[in-house]
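J.: Please work out how this folds:
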Amino acid sequence: MQLLLYSGPETDPNFYYQSGLGIDHSFLLVNGKKKMLFVSSMNLALARSSFHGKVVPYKDPVKALSPFIKGKKILFDADSMSALMASRLGKICHLKDYSAGLYLERGKKRKDEVADIKRAVKLTKEIIASLDFKGGKTELDIKQELLIKTLEMGLEPAFEPIVSTDQNTAFPHYHSDKKKLGSLVLVDYGVKYNHYCSDITRCFILDGDRKKKEQYERLKDICFFITDSLPEFKKGKDVAKLAEDLISKAGFPKMIHSIGHGVGLEIHESPRLNSKSDDPVSGAVMAIEPGVYFKRYGMRYEETVYNDGKRARVL
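T.: Numbers count the residues shown, from 1 in each chain. Model (predicted):
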């Protein structure tokens, strides 16, 4: 059965995974090891110079695809293709949604993917380590500093930076404001390298508060213990159960988000690490992010890790 993928104005991760290309408004037809690329006329020269396979220009993509898919059963990604386009294609072939299968396929990482993520992690840590919290700066000042350093390094953000201080750290997905930095600052950030993401969170206890330092060290210990334990587990729900037990034993309240998620071409992908997840964790790159959230503040420690099934390591 053939697979048909579409990449619109923004590069689609499944399209990129199968083609290695980020050409907009393109269709990729995969038939075993054979791949054909269908592009608009304006992208024809670029496609022919970068794609190792047959390139077909189109004015109307359905007409161009018709000779190759008419009457056939075709797998496709319903998450990336518009309902209108799927309706048109459905009149000439039998479409079957394969988005769940594509999601799981990308969960197990190749060596080159791990290398790109590792590089993204290294660069993210360098950026975070270079931050300057002195001089009455605000959350937005630090956010701007993160983005400027990213652009200066020729990179792009993997997601919008999260920078929060004091009470705002109690909100995991907080949006930075003009609040001046106080005694505690949380920075959650990642960059992309060759399209692959990283995800790192660090807390900076600027007033040296002993209680917060002890809590933060416990979060780090939980993160590393889970990392070391990953080869023992098969599914995402196994990791979630261990995290729940460790958070409870540490004397922390139950977490208000999952213990982590897969990381790759997208910042959130397979495996899911929640209590119901059957996603396999062997061969996956994951963000492990234990956190504690009180009324007056919160803290989180996050590393991006790789589990090859025999050993897990922080990237």
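J.: what's near enough to touch Arg202?
T.: If you count contacts by Cβ atoms under 8 Å, 6 or more residues apart in numbering, Arg202 has them with Ile128, Leu186, Val187, Tyr301, Glu302. C-beta here means a position set from N, CA and C on the backbone, and glycine is covered the same way.
J.: And the residue positioned nearest the centre of the chain, how close does it get to Glu232?
T.: Closest residue to the average C-alpha location of the chain: Ile267 at 1.4 Å, with Cα atoms, centre = their mean. Ile267 sits 26 Å away from Glu232, going by Cβ to Cβ, to the nearest Å.
J.: ok, the nearest residue to His173 once chain neighbours are set aside to Arg272 distance?
T.: Sequence neighbours aside, Ile162 is the residue nearest to His173 in space, at 6.9 Å (criterion: Cβ to Cβ, 6 or more residues apart in numbering). Distance of Ile162 to Arg272, computed by Cβ to Cβ: 20 Å.
J.: And for Leu181?
T.: Taken as Cβ to Cβ, the span from Leu181 to Arg272 is 34 Å.
J.: Identify the bridge partners of the closest residue to His25 other than its chain neighbours.
T.: Distances taken as Cβ to Cβ, 6+ apart place Ser40 nearest to His25, at 5.4 Å, with adjacent residues excluded. The partner list for Ser40 in beta bridges (DSSP bridges) reads Tyr58.
J.: Confirm for me that Ser40 is in contact with Val55.
T.: No: with contact defined as Cβ atoms under 8 Å, Ser40 does not count as touching Val55 (11.4 Å).
J.: ok, those two, which is more surrounded?
T.: The neighbour comparison of Ser40 against Val55 (other Cβ atoms under 10 Å) goes to Val55, with 20 against 15.
J.: just how off-centre is stretch 251-268 within its chain?
T.: 11 Å (Cα atoms, centre = their mean, to the nearest Å).
J.: May I see the buried residues of it?
T.: Phe252, Met255, Ser258, Ile259, Gly260, His261, Gly262, Val263, Gly264, Leu265, Glu266, Ile267 (16 or more other Cβ atoms under 10 Å).
J.: Quick check: of those residues, which lies closest to Phe171?
T.: Nearest to Phe171 out of the buried residues of stretch 251-268 is Met255 (Cβ to Cβ; 13.7 Å).
J.: And the closest one, how far from Ser26?
T.: From Met255 to Ser26 the distance is 41 Å (Cβ to Cβ).
J.: okay, stretch 101-115 in CSV with CA atoms only?
T.: Coordinates of each C-alpha in stretch 101-115 appear next as CSV, following Å, rounded to 0.1, in the frame of the first residue of the first chain:
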residue,chain,number,x,y,z
GLY,A,101,1.2,4.8,12.6
LEU,A,102,3.4,7.7,11.4
TYR,A,103,3.4,9.1,15.0
LEU,A,104,4.8,5.8,16.4
GLU,A,105,7.3,5.3,13.5
ARG,A,106,9.1,8.5,14.4
GLY,A,107,9.3,7.5,18.1
LYS,A,108,12.3,5.2,17.5
LYS,A,109,15.3,7.3,16.6
ARG,A,110,18.1,6.6,14.2
LYS,A,111,21.7,7.4,15.1
ASP,A,112,21.8,10.5,12.9
GLU,A,113,18.6,11.8,14.6
VAL,A,114,20.1,11.3,18.1
ALA,A,115,23.2,13.1,17.0
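J.: residues in contact with Ile74?
T.: Ile74 neighbours (Cβ under 8 Å, 6+ apart): Met1, Gln2, Leu3, Leu4, Leu89, Cys93, His94, Leu95, Lys96.
J.: ok, the second one touching Phe27?
T.: This means Gln2. No: using Cβ under 8 Å, Gln2 makes no contact with Phe27, being 11.6 Å away.
J.: out of these two, which sits in the more crowded spot?
T.: Phe27 (24 against 17).
J.: Much appreciated, bye for now.
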